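Trainee: let me see the structure of the following:
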Amino acid sequence: MTQTLDAAETAAAGQSPSGSAFDRALAVVARRRAEFEEKRHVPRDVIDEFKSAGIYRASAPKQFGGDALPPAAFLRLIERISAVDGSAGWVASFGSSLIYLAALPLETQAELYADGPDVVFAAGLFPVQPAERVTGGHRVSGRWKFASGCKGADILGVGIKDGADGGGRPRTALLRPGQVEIAENWDVIGMRGTGSHDLVVEGAVVPEEWTFVRGGEPTVDEPLYRYPAVPYAAQVLAVVGLGVARAALDHVIAQGGRAGYTGAPKPAERATYRIAVGRAEARLRSARAFFYEATEEVWATVVAGDPASAGQTSALRLASAHLAKTSFEVVRAAYQLGGIAAIADAGPMQRYLRDASVVPQHAFLQEGMYDGAGAVLMGVQPFPGYL
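Mentor: Numbering: from 1, shown residues only. Below is the predicted model:
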C-alpha cells in the first residue's frame, strides 16, 4: 500500500520532515531486519538512521529545536516502518515518549536537549520499585521489565514510588546509560528485535528535577503536550500492528496470481480466496479509518486550546485496542491464506504472525479497553487509569 509524507505538511501526508533520510532508514531496516531478530535488538547505528530521519525530534518540543509533529503524522511514519519490520517500528514508536518528558522542569529539559532534539528515551516502569528519599532526590535500586529499545537509548527511565501523590501513576526517575545495567533476557516468539530487556539499578541517586509523573502536567506550552499522553502511548504501539497487517495482506494479494505446488487453480481464481482477501481489506481499512479519525478529532481540539474530553480520550484508547486486535486477526487470516508456504522460516508470513500476536498482548491494548470504552459511553465510571 503506497502512502505519502512535512514538519507539519509533509508529515500530514505520511512523510518524514527528512524525506530522503526516511527512505534511507526504511531501506536499512529492510536490509537488516533478520539481524534485529538474531541480535534481539535494533543496533545503535540503525537508531542513528532513525535520528537522521527525524523520528526522535518528531516529539521533542519546538522550543528545544524539535518538530513536535501532530500525532497522526508521527503515527503514519511508524506505520510505514512497521510495514517493513515490526520490531523496528516498535522501537521507533518510542520516539513519541518524549511527550512524557515535557512534564520535567524546563531547566531539566534545556539540559536534556542541550546537544540537540534527537534524544532517544527508553524506560522500564514496572514493577514499580520503592525509592529512598535523600537530600535533593531519590536513591534508586531495583529491577524493571520490558524496556524496549534500551540498548540504543540516550536516557533511561525506571518506575519508582516515593509516597508522593502522583494520582496513582508511577514516578519515573531518569538515568544515564552508564548508571544502568541491561540484563539481556528478551527471549520471546514475536517482536524479537525490540530489545525489551530488564533494567537493573543499584543505589543511584536521581535528583528530584530529573523525575516526573508519566502523563503529569506538562511544563511545555505547545499543542502536542496537551494531547493525552498515555492514550498516545497506546496509539504508537497499535499502529505497529497496522503496519505489520498491511504488509501481510499485501503479501497474500501479491501471491494471488502465483501457482501453488499442487497444480490447483491459482489463488486469485478461487472465490474463497478472493472473498477472504476482500473481507480482510475492509476490516483493516475500517479500523484504520476509525483510528485516524479519533486522532485528528483530538488534535483539532488541543490545537484550539481546549482539553480533550473524556469521550475523546476514551475513543483514542478504544480505537487503539480495536486496531491492534483487528490487525492481528487480519494477519491470522492472511497466514491461513498463505497455505503451507506461510510456515517457511525463509518467508515473511511466520514473522508477520509472530509480531502481530504481540501487539494486542500489551497492557494498553488488551480486551479490558472495550470495558473502559463501554463505561464512558454509558456514563459509568471506568476502571482506574483508563482516562
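Trainee: what's the first helix or strand after the lowest-mean-pLDDT helix or strand in the chain?
Mentor: Within the chain, confidence by mean pLDDT, DSSP states H and E is lowest for helix 9-12 among all helices and strands, at a mean of 54. Later in the chain than helix 9-12, the nearest helix or strand by DSSP states H and E is helix 19-39.
Trainee: where does the residue of the chain positioned farthest from its centre sit: helix, strand or coil?
Mentor: The outermost residue of the chain relative to its centre, with distances by Cα atoms, centre = their mean, is G263 at 42.6 Å. Under DSSP: H, G, I helix; E, B strand; the rest coil, the three-state class of G263 is coil.
Trainee: for it, phi and psi?
Mentor: phi 90, psi 0 (degrees, to the nearest 10).
Trainee: if I look at it, how far off is V46?
Mentor: 43 Å (Cβ to Cβ, to the nearest Å). Just so you know, the C-beta spots here come from the backbone N, C-alpha and C atoms, and that holds for glycine as well.
Trainee: quick one, helices of this protein?
Mentor: 9-12, 19-39, 44-52, 71-84, 86-93, 98-101, 106-112, 229-255, 271-303, 310-337, 349-358, 368-377 (DSSP state H).
Trainee: could you give me the average pLDDT of the fifth one?
Mentor: I take that to be helix 86-93. What helix 86-93 shows for mean pLDDT is 98.
Trainee: tell me which strands and helices that helix is in contact with?
Mentor: When contacts are defined as 3 or more Cβ pairs under 8 Å, 6 or more residues apart in numbering; DSSP states H and E, helix 86-93 packs onto helix 19-39, helix 44-52, helix 71-84, helix 229-255, helix 349-358.
Trainee: got TSV for those helices, with mean neighbour count too?
Mentor: Shown next, in TSV, are those (neighbours: other Cβ atoms under 10 Å):
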stretch	mean neighbour count
helix 19-39	17
helix 44-52	19
helix 71-84	26
helix 229-255	25
helix 349-358	23
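Trainee: what's the closest of the ones you listed to Y386?
Mentor: helix 229-255 (9.3 Å; Cβ to Cβ).
Trainee: how far off helix 271-303 does the closest one point, in degrees?
Mentor: Angle, helix 229-255 to helix 271-303, by axes from the mean of the first three to the mean of the last three Cα atoms, to 10 degrees: 150 degrees.
Trainee: and the angle from helix 229-255 to helix 310-337?
Mentor: Using the same axes, to 10 degrees, helix 229-255 lies at 30 degrees relative to helix 310-337.
Trainee: related to what we said a few turns ago, to F126, which of the helices of the chain lies closest?
Mentor: Among the helices of the chain, helix 229-255 sits nearest to F126 (Cβ to Cβ), with 13.4 Å.
Trainee: what packs against that closest one?
Mentor: helix 71-84, helix 86-93, helix 98-101, helix 271-303, helix 310-337, helix 349-358.
Trainee: which stretch among these comes nearest P61?
Mentor: Here helix 98-101 is closest among those (Cβ to Cβ), at 8.0 Å.
Trainee: pretty sure V358 is touching G193, no?
Mentor: No: here V358 does not reach G193: they are 11.3 Å apart, not a contact under Cβ atoms under 8 Å.
Trainee: mind showing which ranges of the chain have poor pLDDT?
Mentor: 1-19, 163-168 (pLDDT under 70).
Trainee: do that again at 90, thanks
Mentor: The model of the chain has pLDDT under 90 over residues 1-19, 161-170, 214-216, 256-266, 385.
Trainee: and the helices and strands packed on helix 229-255 as a markdown table, adding distance to P61?
Mentor: Supplementary listing: the helices and strands packed on helix 229-255 in a markdown table, determined by distance: least, Cβ to Cβ, whole Å:
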| stretch | distance to P61 |
| --- | --- |
| helix 71-84 | 14 |
| helix 86-93 | 19 |
| helix 98-101 | 8 |
| helix 271-303 | 14 |
| helix 310-337 | 21 |
| helix 349-358 | 31 |
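Trainee: highest mean neighbour count out of those?
Mentor: helix 86-93 (a mean of 30; mean count of other Cβ atoms under 10 Å).
Trainee: list the contacts of that one.
Mentor: 29, 33, 36-37, 41-42, 46-47, 50, 55, 77-79, 81-83, 148-149, 152, 190-195, 236-237, 239-241, 243-244, 351-352, 355-356, 358-359 (Cβ atoms under 8 Å, 6 or more residues apart in numbering).
Trainee: so what angle separates the directions of that helix and helix 310-337?
Mentor: Using the same axes, to 10 degrees, helix 86-93 lies at 160 degrees relative to helix 310-337.
Trainee: just how off-centre is helix 86-93 within its chain?
Mentor: 7 Å (Cα atoms, centre = their mean, to the nearest Å).
Trainee: okay, the angle between that helix and helix 71-84?
Mentor: Using the same axes, to 10 degrees: helix 86-93 against helix 71-84 is 160 degrees.
Trainee: please write out the alpha-carbon positions of helix 86-93 in PDB.
Mentor: Output of helix 86-93 as PDB, limited to C-alpha atoms (Å, rounded to 0.1, in the frame of the first residue of the first chain):
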ATOM      1  CA  GLY A  86       7.500  -4.800  13.300                       C
ATOM      2  CA  SER A  87      10.400  -4.700  15.700                       C
ATOM      3  CA  ALA A  88      12.000  -1.600  14.100                       C
ATOM      4  CA  GLY A  89       8.600   0.100  14.100                       C
ATOM      5  CA  TRP A  90       8.100  -0.800  17.800                       C
ATOM      6  CA  VAL A  91      11.500   0.700  18.700                       C
ATOM      7  CA  ALA A  92      10.900   3.800  16.600                       C
ATOM      8  CA  SER A  93       7.500   4.300  18.100                       C
END
